[in-house]
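I'd like to go over a predicted model; first the sequence, then the structure.
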Amino acid sequence: MKTTALTIFLCATLVLSGQDHTHQSAKPLQFPDIPGYKTLKTDLHIHTVFSDGKVWPNIRVMEALRENLDAISLTEHLEYQPHRADLPHPDRNRSYQIALEEAKDHELLILHGSEITRAEPIGHSNAIFIKDANPLLVDRAENAFSEAKKQGAFVFWNHPAWHAQSPKGTPILSDFQKERIKKGELHGIEVINSIDYSEEALALALEHNLTIMGTSDIHGLVDWDYTEKGNHRPVTLVFAKDRTEDSLKEALFAGRTVAAYNDLLVGKANFLVPLLQESLGILGARYLPNTQVLEVTVENKTSSDLIFENAMPFTFYSKPAVFVVPAGSTDVLRIKTLERLNRLTLELKALGAYVAPRKHPVARWDVVVAE
């Protein structure tokens, strides 16, 4: 009996240790790959006590592992250091080094980044994939951006519609930003920052071919600011050729992204539509006996609720035209096809998704009807 009890105890301990090792929460972020690319879940705007955040860098790694992220960047303010009296650190790379050490036994990618922090009209921008943060700490903002370019950084404009810097709540593309774009020193723009979505920022992204970004800009605990309120943090979904830092960098420069926050998805149509098509799986289709009502079973493969509107010439039998498929769940669509069909093109307008300001994409699925 002692041996049996000990064996059971050891097995239980191993199981629990295995569960702990995953670090995954009850609501991890999930999004499917799209044809030709892996979908990497990233948060590239994060703060710790090494600038104006409230937690140590290793906590950011643990939070990311719990939420099933693929990559993060701890983008500490270079110029704004409110904890300097309590935490002096002449080396602006320190936060990155601590996070890198914490993540060494996990698959989470830690991308080296910093935030260039200036008053308007320059504003705040993140430089990702830098090699050394210290040379970016210079008097002239132009020199900080040119140094970031010299280091091969991907740079994006943070919270351009932030009311504290733009009182009207709309982004203003200044001559400074225009010059940075012209010189190849500004490559992306946040359309989602924290809980705020800016359709004007999306318009700027499309007009100037800037990569569309979504970030948490987290300062406190993710659990307190998002999870306990029933939310996921905003992220940038990056469509990379493989799960490496080099591939992630290539994809960001190429603009292969979708910004995601709860049931909101924002991106260019050539990436957002394939994501929608992969996110809703067709599990089967068959007619109800002795009817022309086609029953199509669908599955939401993501951690986001999917909001759709019927865009077909056929109407639904027992569902309104606008409906929601909750995250991770299945649903049944009963479609009045008027005659029995062998195949059907399921056409749905994604009301929670935007490919331009106030413009929703329509996604299509080829449905084969069972005999």
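Okay, I see it. Residues are numbered from 1 along each chain as shown.

strands of the stretch 101-250 of the chain, start to end?
With DSSP state E, counting those that start in this stretch, the ranges of strands along the stretch 101-250 of the chain come out as 109-111, 113-117, 124-128, 154-157, 188-193, 196-197, 211-215, 235-240.

okay if I get those strands as TSV plus mean neighbour count?
Placement of C-beta: from N, CA and C, glycine included. Listed next are the strands of the stretch 101-250 of the chain as TSV, based on neighbours: other Cβ atoms under 10 Å:
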stretch	mean neighbour count
strand 109-111	22
strand 113-117	25
strand 124-128	27
strand 154-157	25
strand 188-193	28
strand 196-197	18
strand 211-215	28
strand 235-240	26
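
would you turn the ones you listed into TSV with mean pLDDT and distance to residue 33?
TSV is the format used below for these (pLDDT from 0 to 100; distance: least, Cβ to Cβ, whole Å):
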stretch	mean pLDDT	distance to residue 33
strand 109-111	98	17
strand 113-117	97	25
strand 124-128	97	22
strand 154-157	98	22
strand 188-193	98	22
strand 196-197	96	25
strand 211-215	98	18
strand 235-240	98	8
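
closest one to residue 346 among those?
Relative to residue 346, the nearest member of these by Cβ to Cβ is strand 235-240, separated by 23.0 Å.

hey, what's the angle from that closest one to strand 211-215? Just curious.
Going by axes from the mean of the first three to the mean of the last three Cα atoms, to 10 degrees, strand 235-240 is angled at 140 degrees with respect to strand 211-215.

strand 235-240: how far from the chain's middle?
Centre-to-centre, strand 235-240 and its host chain are 6 Å apart (Cα atoms, centre = their mean, to the nearest Å).

list the helices and strands it packs on?
strand 38-46, strand 211-215, helix 245-254, strand 257-261 (3 or more Cβ pairs under 8 Å, 6 or more residues apart in numbering; DSSP states H and E).

looking at those, which is nearest to residue 136?
That would be, of these and by Cβ to Cβ, strand 38-46, which comes in at 15.9 Å.

ok, then the element right after the closest one?
helix 57-66 (DSSP states H and E).

for whichever helix or strand comes after that following helix, C-alpha coordinates in CSV please.
Counting by DSSP H and E, the next helix or strand C-terminal to helix 57-66 is strand 71-74. C-alpha atoms of strand 71-74 as CSV (Å, rounded to 0.1, in the frame of the first residue of the first chain):
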residue,chain,number,x,y,z
ALA,A,71,6.5,37.1,-28.8
ILE,A,72,6.7,40.2,-26.7
SER,A,73,8.9,43.3,-26.5
LEU,A,74,9.5,45.2,-23.3
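
now for strand 71-74, which elements pack on it?
With contacts defined as 3+ Cβ pairs under 8 Å, 6+ apart, the packing partners of strand 71-74 are strand 38-46, helix 57-66, helix 94-102, strand 109-111.

just name the most buried of the ones you listed.
Mean neighbours per residue, mean count of other Cβ atoms under 10 Å, is largest over the helices and strands packed on strand 71-74 for strand 38-46, with a mean of 25.

quick one: that strand to strand 188-193, angle?
80 degrees.

mean confidence for strand 38-46?
Average pLDDT, strand 38-46: 98.
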